[in-house]
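S.K.: I would like the atomic coordinates for the input below:
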Amino acid sequence: MTPENRKKVPLSFLLASHRSGTTLLRECLGSHSKIESLDEVFVGYRQQPKNFFKFHKVLVKKDANWAIPEDESQKRLYHEYTSYLRGLYNPGSNLIVDVKYSHAHRLNKINHRPFDVPNLLSMVMNSEALIIHLVRKNILEAHISSLVAKKNGSFRAKNRSEVADPVVSVDCTVLLADLERRQKEIEFFDDILRDYPRTLRYEYGDLIGPDGDIDISIVTEISSSLGLDVEFDRTPARQKLALPLEDSITNYDAVRTTLLGTQYAWML
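M.R.: Have a look, this model is predicted:
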């Protein structure tokens, strides 16, 4: 594809923590005839053709300097990779890339400090790309969802029959540390995006509308931001799998006692 045609394939990003409903929203957006919804391309262990690390490995084999994370080389790497992705699709397509918080640091430079804006996110904002920020405020539910997924070895189950055992025991010390980490993570990215005009922020709890489908106001706003007509299949391809927390946690009383009096008590 020519450089001119690559510019006709806009790139947007879906940013979130794990277990925040990104697969649900991404599958809905991908049902649009003019949207190509990409999986987590910044995950190292997934070696599908569009994977960032597979692309980077090819560059490094040709020139070892690509392995040095200096500022200018990282900017070039971002440009080369996003141009490569655009070149895979027809002009007029809109690409939406799923990026988890932890993957936003993949293009950090050598002297990157812990609380600097992740380099990938800086380059996305400099390109004025649309960022869809999906937040799961109830991070207790996200923590339990992660435990259930790990226990069952199934992170993308579509229905309850795929989850053999939806009940877990919770280490309360680990829980408190994880909730603090998750809360700080959300605040960190919220602060970065607060003044970025091309951010759409949605709550996980608002994804499903009263009719049981993906909320029409969300897909309408996203399609409008992309300059597209609303033609999504809003019927979720996945059931809501989580049991009520008191049914999901074997030591629920201990968890409740641990969280009462904290900022996380409302999540019970």
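S.K.: Give me the number of neighbouring residues for residue 24.
M.R.: Residue 24: 18 surrounding residues under other C-beta atoms under 10 Å. (C-beta placed from N, C-alpha, C; glycine too.)
S.K.: Look up which helix or strand it falls in, please.
M.R.: helix 22-30 (DSSP states H and E).
S.K.: just residue 201 next, same as before
M.R.: When elements are assigned from DSSP H and E, residue 201 belongs to strand 199-203.
S.K.: what stretches of the protein score poorly on pLDDT?
M.R.: 1-8, 45-47, 156-161, 237-241 (pLDDT under 70).
S.K.: Could you rerun that using 80?
M.R.: 1-8, 44-49, 154-164, 210-212, 236-242 (pLDDT under 80).
S.K.: what ranges do the helices span in it?
M.R.: Secondary structure of the chain (DSSP state H): helices at 3-6, 22-30, 52-62, 71-87, 119-126, 139-152, 172-193, 216-226, 245-248, 252-259.
S.K.: closest one to residue 13 among those helices?
M.R.: Evaluated over the helices of the chain, closeness to residue 13 peaks at helix 119-126, with 5.6 Å, by C-beta to C-beta.
S.K.: for that closest one, which positions count as buried?
M.R.: The neighbour-count check on helix 119-126 (16 or more other C-beta atoms under 10 Å) flags 119, 120, 121, 122, 123, 124, 125 as buried.
S.K.: Can I get those in a markdown table including distance to residue 258?
M.R.: Below are these laid out as a markdown table (distance: C-beta to C-beta, whole Å):
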| residue | distance to residue 258 |
| --- | --- |
| 119 | 37 |
| 120 | 35 |
| 121 | 33 |
| 122 | 38 |
| 123 | 40 |
| 124 | 38 |
| 125 | 38 |
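S.K.: Which single one of the residues you listed is nearest to residue 65?
M.R.: Ranked by distance to residue 65 (C-beta to C-beta), the buried residues of helix 119-126 are led by residue 119 at 17.3 Å.
S.K.: The closest one against residue 109, yeah?
M.R.: Yes - with contact defined as C-beta atoms under 8 Å, residue 119 and residue 109 form a contacting pair (5.8 Å).
S.K.: Need the overlap of contacts for those two.
M.R.: Taking C-beta atoms under 8 Å, 6 or more residues apart in numbering as the criterion, residue 119 and residue 109 both touch residue 74.
S.K.: that older thread, ok, the strand holding residue 201: who's next to it in the sheet?
M.R.: Take DSSP bridges as the rule and strand 199-203 pairs in its sheet with strand 131-135 (parallel).
S.K.: Report the angle between the strand it pairs with and helix 119-126.
M.R.: Interaxial angle of strand 131-135 relative to helix 119-126 (axes from the mean of the first three to the mean of the last three C-alpha atoms, to 10 degrees): 130 degrees.
S.K.: how distant is strand 131-135 from the center of its chain?
M.R.: How far strand 131-135 lies from its chain's middle: 8 Å, per C-alpha atoms, centre = their mean, to the nearest Å.
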